[in-house]
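S.K.: Below is the sequence, then the predicted model.
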Amino acid sequence: MTLAASANPDSVARLRVLVVDDSVVVRRMLTTAIDRDPALQVVGTASNGRLALAKLQQSPCDVVTLDVEMPELGGLETLAAIRRQFPQLPVLMCSSMTERGAVTTLEALSRGANDYITKPTTDAAQNGFGSELVEKIKTLGRAIRRPVEPVQARRTVTPPPSPAPPAPRSAAAEPAAAIAIGTSTGGPNALAEVIPQLPAGLAVPVFIVQHMPPVFTKMLADRLARVSALPVHEARQGDLAQAGHVYIAPGDWHMTVVREGARVSISLNQGPPESSCRPAVDPLFRSIAAAYGPAALAVVLTGMGKDGLNGCELIRAAGGVVLAQDEPTSVVWGMPGFVAGAGLADEVVPLQRVAAAIVRRTRGGRAGGGTP
């Protein structure tokens, strides 16, 4: 598929979006939010997958928003057809906040969807939904098309700085006693690559923040548990951190850890969102730095924005270690890119080598508090 082009520089600069949803109300809501931004343009809408595929043949676009559940040709079937015909076309799944929607969305991500967004359930939630939708479309489109744009139409997504050498250490890093992983866009697939590669005998607990809403985090934990040697749980208030267990922050709750002597437990709270997210990575990383000090290992995987950057500063200041996913294997090199650009990453590694780097950093380390 060729990207949209025109003799008009404004049309070259604007990202062209196809909106696919069986609800006329949702199509109108998406179209209004997208067209409000001068860098975006809705070039068509479709009420089902068959119409969407026909429109893609008629006129090119840069990003597709795709409903998860539709009549005639559903979201998964439409996604499969798009991937066959237009392998590089970014697809943003639009899901309902239901268990069924979560399961289907995770399946769509595993089949090649680039990202997802959940439809608002209240009028108040629509305000944040519009800005999140626009940011995701810009980020996905920017990864594919980088035209020379007029100033008034430049997209506002800030690219991360170039990688910088890590700051020198005053002492050798300790073996890790806890692993803290932060991720966002592209995270479910990245975690599906990393977590199953961790060995059953891993001597430390693993804590994960994935930017996801309620229901979705439980489905993600269940999905990872089925393919991993380690037990994977959606975290609960008061859980003891057990070596060889994986804990995922539940949607809409920040997850932190608290040390009391040799015991480390999980604490959940609904404090204000950070980096517009709850759960956010920074609260976890801050608590990991406080609880584990130089035995903390932070891992920053693919994702939009800067969440985790401040937490990595504290982990490095405490003597801990930071790993960041590299740009070529990231869906969006935002979170790991900012960490690498700030000189906080001890290693910048491709996704396929993240698990091995984690295991190498934990060898000889003690169990991370709690019950072994």
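M.R.: Thanks, I have the structure now.
S.K.: Touching, Pro90 and Arg142? I think so.
M.R.: No. Contact criterion CB atoms under 8 Å: Pro90 and Arg142 do not qualify, at 9.5 Å. (Glycine included, C-beta is placed from N, CA and C.)
S.K.: between those two, which one's more packed in?
M.R.: Pro90 (26 against 18; other CB atoms under 10 Å).
S.K.: Please report the distance of the more buried one from Arg316.
M.R.: Applying CB to CB, to the nearest Å, the value for Pro90 to Arg316 is 33 Å.
S.K.: now Ser162
M.R.: 19 Å.
S.K.: neighbour count winner among the two?
M.R.: Using other CB under 10 Å, the more surrounded residue of Ser162 and Arg316 is Arg316, with 24 against 9.
S.K.: tell me which residues in the helix or strand harbouring that one are buried?
M.R.: Using DSSP states H and E, Arg316 sits in helix 309-317. Across helix 309-317, burial judged by 16 or more other CB atoms under 10 Å covers 309-316.
S.K.: and that helix, C-alpha only, in CSV?
M.R.: Provided in CSV are the C-alpha atoms of helix 309-317 (Å, rounded to 0.1, in the frame of the first residue of the first chain):
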residue,chain,number,x,y,z
LEU,A,309,11.9,8.0,33.6
ASN,A,310,11.8,9.6,37.0
GLY,A,311,11.6,6.2,38.7
CYS,A,312,14.7,5.0,36.8
GLU,A,313,16.6,8.1,38.0
LEU,A,314,15.8,7.0,41.6
ILE,A,315,16.8,3.3,40.9
ARG,A,316,20.1,4.4,39.4
ALA,A,317,20.7,6.8,42.4
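S.K.: Mind checking what helix or strand follows that helix in sequence?
M.R.: strand 321-325.
S.K.: strand partners of that next one, parallel vs antiparallel please.
M.R.: strand 296-300 (parallel), strand 347-349 (parallel) (DSSP bridges).
S.K.: chain center to the last one, what's the gap?
M.R.: Remark: strand 347-349 is offset 18 Å from the chain centroid, using CA atoms, centre = their mean, to the nearest Å.
S.K.: Packing partners of the next helix or strand along the chain from that strand?
M.R.: Scanning forward in sequence from strand 347-349 by DSSP H and E, the next helix or strand is helix 354-362. On a contact count with 3 or more CB pairs under 8 Å, 6 or more residues apart in numbering; DSSP states H and E, helix 354-362 meets helix 187-194, strand 296-300, strand 321-325.
S.K.: Could you dump the ones you listed into TSV and include mean neighbour count, distance to Asp115 and mean pLDDT?
M.R.: Output for the helices and strands packed on helix 354-362, formatted as TSV (neighbours: other CB atoms under 10 Å; distance: least, CB to CB, whole Å; pLDDT from 0 to 100):
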stretch	mean neighbour count	distance to Asp115	mean pLDDT
helix 187-194	22	10	97
strand 296-300	30	17	98
strand 321-325	28	16	97
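S.K.: Return the residues in contact with Ser228.
M.R.: Under the criterion of CB atoms under 8 Å, 6 or more residues apart in numbering, the contact list for Ser228 reads 195-196, 198, 246.
S.K.: repeat that with 6 Å
M.R.: 195-196 (CB atoms under 6 Å, 6 or more residues apart in numbering).
S.K.: so the nearest residue to Ala345 once chain neighbours are set aside bridges to which residues?
M.R.: In space, and not counting its chain neighbours, Ala345 is closest to Ala324: 4.0 Å by CB to CB, 6 or more residues apart in numbering. Assessed by DSSP bridges, Ala324 has beta-bridge partners Val300, Val348.
S.K.: distance of the residue lying closest to Pro205 once chain neighbours are set aside from Phe207?
M.R.: For Pro205, ignoring the flanking residues on the chain, the nearest one in space by CB to CB, 6+ apart is Ala241 at 4.2 Å. Look at Ala241 and Phe207: by CB to CB, they are 8 Å apart.
S.K.: can you pull out the strands in the protein?
M.R.: 15-20, 40-46, 63-67, 91-95, 115-118, 178-183, 206-210, 232-234, 246-248, 254-260, 263-269, 296-300, 321-325, 347-349 (DSSP state E).
S.K.: for those, which one ends up most surrounded?
M.R.: strand 296-300 (a mean of 30; mean count of other CB atoms under 10 Å).
S.K.: sorry, back to before: any chance of JSON lines for the strands of the chain, columns distance to Ala290?
M.R.: Compiled in JSON lines, the strands of the chain are given as follows (distance: least, CB to CB, whole Å):
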{"stretch": "strand 15-20", "distance to Ala290": "42"}
{"stretch": "strand 40-46", "distance to Ala290": "42"}
{"stretch": "strand 63-67", "distance to Ala290": "41"}
{"stretch": "strand 91-95", "distance to Ala290": "35"}
{"stretch": "strand 115-118", "distance to Ala290": "32"}
{"stretch": "strand 178-183", "distance to Ala290": "11"}
{"stretch": "strand 206-210", "distance to Ala290": "13"}
{"stretch": "strand 232-234", "distance to Ala290": "22"}
{"stretch": "strand 246-248", "distance to Ala290": "17"}
{"stretch": "strand 254-260", "distance to Ala290": "8"}
{"stretch": "strand 263-269", "distance to Ala290": "11"}
{"stretch": "strand 296-300", "distance to Ala290": "9"}
{"stretch": "strand 321-325", "distance to Ala290": "16"}
{"stretch": "strand 347-349", "distance to Ala290": "23"}
